[in-house]
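Visitor: give me a 3D structure for the following:
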Amino acid sequence: MLGRWGLSPDADLIYRRLALLGPSSRPQLGRQLGVAPARVGQALDELAAAGAVRHSHRGAEGEWSAVDVDVVLARVRRHRSPVVIGDRYRQHLAVVAGLRLETVPAVAVHRMPTRAAARRRIADLAAAERHEHLAINTEDVISAAAAAAASPLDRALVARGVRLRTLGLAPRDGSPDRPLVAGGEHRRAENLPLKLMVFDRRNALFPTDPADFEAGAIEIDDPDAVAQLTQLFYRIWHAVPHPRDLEVPPIVLTSRDHRIVSLLAAGLSEEAVAIELGISRRTVAYALRALMDRLGVENRFQLALLLGAANAVPLPPTVRQPEGGS
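Guide: Numbers count the residues shown, from 1 in each chain. From the prediction side, this is the model:
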């Protein structure tokens, strides 16, 4: 029934079971249907995202129940394309479910219905920050509009002495990671559970729909929920490598190799280097070839890039040119 709208066979099976036999806990569903616990969890996440099930906290494990089939079908039919729930959606739902927002006082949860409203609220919260701003960005590529909206806020935070820490995914184009503004701290993770901002550990804000940022955002100022999201941020922050650990490792050159590449980098020809060092031109060429083979590069341009990135050849302010050198 639901499979034709893009939900998995496990999700369709579990929905049918709940609709026919009534509410059940996650472990009961796994035992009754012979489905592994991880697959049951993924299926329930899909159903929850599609609005097909509800969760209550009855009993030790909680119970899941099916939403009326007519309501579910009317909802999924509004989609022109099948409903496909990806890993990012599942992770977002898992984090939000862990907050147990149904137990948080209603006055501590605020909904912003549009992205524009969310940006205005972010600006207000950032303007009041005095200590720490944490952000998780799940986009593979930051749009120009998003960068234009964020950069002035980030610069203002750093200028006021607010600690700015951001987590992001590896850039698609392979470009190096840098803080969005000077003075901020940035780390890269292979996987991030949800887009998030935490303001002075008092307010937290995340998208209402992780697949559609235009749908607005949810703000929470419940202390326990905000503390839980802050802990999530720092678990990821401390688990990923520090940027220093991602730098090019040091390259140790012999004294002769160091002198050869330093002189070449200063603009001397191979012949001039040979005269300067009192060795043959062939020896210079052999030394360069051996160095390229050792470092796994194909040509002198790649060699220069690698040595420069590793700061292996600090150039002197002046290099004496031999008489007759080119």
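Visitor: quick check: closest non-adjacent residue to Phe206.
Guide: Leu196 (4.9 Å; CB to CB, 6 or more residues apart in numbering). No exception for glycine: its C-beta is placed from N, CA and C like everyone else's.
Visitor: flag every buried residue along the helix or strand containing Val72.
Guide: For Val72, the host element (DSSP states H and E) is helix 69-77. Neighbour counts over helix 69-77 (16 or more other CB atoms under 10 Å) mark Val72, Val76 as buried.
Visitor: again with stretch 206-220
Guide: Phe206, Pro207, Thr208, Pro210, Phe213, Gly216, Ala217, Ile218, Glu219, Ile220.
Visitor: likewise for stretch 162-169?
Guide: Using 16+ other CB under 10 Å as the test for burial, stretch 162-169 gives Val162, Leu164, Arg165, Thr166, Leu167, Gly168, Leu169.
Visitor: quick one on the thing from earlier: show me how far the helix holding Val72 is from its chain's centre.
Guide: Taking CA atoms, centre = their mean, to the nearest Å, one finds helix 69-77 lying 34 Å from the centre of the chain it belongs to.
Visitor: and what of stretch 205-223?
Guide: So, by CA atoms, centre = their mean, the centroid of stretch 205-223 is 17 Å from its chain's centroid.
Visitor: could you number the chain from 51 rather than 1 from now on?
Guide: Okay, using 51 as the starting number, the last item reads as stretch 255-273.
Visitor: any idea of the mean pLDDT for it?
Guide: Mean pLDDT, stretch 255-273: 88.
Visitor: what's that stretch in contact with?
Guide: 136, 138-139, 142, 146, 149, 151, 154-155, 158-165, 167-168, 171-172, 175, 188, 244-247, 249, 252-254, 276, 279 (CB atoms under 8 Å, 6 or more residues apart in numbering).
Visitor: could you export it as PDB, CA atoms only?
Guide: C-alpha atoms of stretch 255-273 as PDB (Å, rounded to 0.1, in the frame of the first residue of the first chain):
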ATOM      1  CA  LEU A 255      17.300  26.200  16.800                       C
ATOM      2  CA  PHE A 256      16.900  23.500  14.100                       C
ATOM      3  CA  PRO A 257      14.900  23.100  10.900                       C
ATOM      4  CA  THR A 258      11.300  22.000  11.100                       C
ATOM      5  CA  ASP A 259      11.900  19.800   7.900                       C
ATOM      6  CA  PRO A 260      15.500  18.800   7.200                       C
ATOM      7  CA  ALA A 261      14.700  18.300   3.500                       C
ATOM      8  CA  ASP A 262      13.100  21.800   3.200                       C
ATOM      9  CA  PHE A 263      14.600  24.700   5.000                       C
ATOM     10  CA  GLU A 264      11.900  27.000   3.600                       C
ATOM     11  CA  ALA A 265       9.500  25.200   6.000                       C
ATOM     12  CA  GLY A 266      11.000  27.200   8.900                       C
ATOM     13  CA  ALA A 267      12.500  26.200  12.200                       C
ATOM     14  CA  ILE A 268      11.900  25.100  15.800                       C
ATOM     15  CA  GLU A 269      13.400  27.000  18.700                       C
ATOM     16  CA  ILE A 270      13.800  25.400  22.100                       C
ATOM     17  CA  ASP A 271      14.700  27.200  25.300                       C
ATOM     18  CA  ASP A 272      14.100  24.300  27.700                       C
ATOM     19  CA  PRO A 273      17.400  23.900  29.700                       C
END
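Visitor: helix, strand, or coil at Trp114?
Guide: strand (DSSP: H, G, I helix; E, B strand; the rest coil).
Visitor: where's it relative to Gly328, distance?
Guide: As judged by CB to CB, to the nearest Å, Trp114 and Gly328 stand 82 Å apart.
Visitor: and the helices in this protein?
Guide: Applying DSSP state H to the chain gives helices spanning 59-71, 76-83, 87-99, 119-127, 137-149, 165-178, 194-209, 273-289, 305-315, 320-327, 331-345, 350-359.
Visitor: format those helices as JSON lines; extra columns: distance to Glu240.
Guide: Below are the helices of the chain laid out as JSON lines (distance: least, CB to CB, whole Å):
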{"stretch": "helix 59-71", "distance to Glu240": "26"}
{"stretch": "helix 76-83", "distance to Glu240": "28"}
{"stretch": "helix 87-99", "distance to Glu240": "20"}
{"stretch": "helix 119-127", "distance to Glu240": "32"}
{"stretch": "helix 137-149", "distance to Glu240": "12"}
{"stretch": "helix 165-178", "distance to Glu240": "26"}
{"stretch": "helix 194-209", "distance to Glu240": "21"}
{"stretch": "helix 273-289", "distance to Glu240": "10"}
{"stretch": "helix 305-315", "distance to Glu240": "35"}
{"stretch": "helix 320-327", "distance to Glu240": "44"}
{"stretch": "helix 331-345", "distance to Glu240": "27"}
{"stretch": "helix 350-359", "distance to Glu240": "23"}
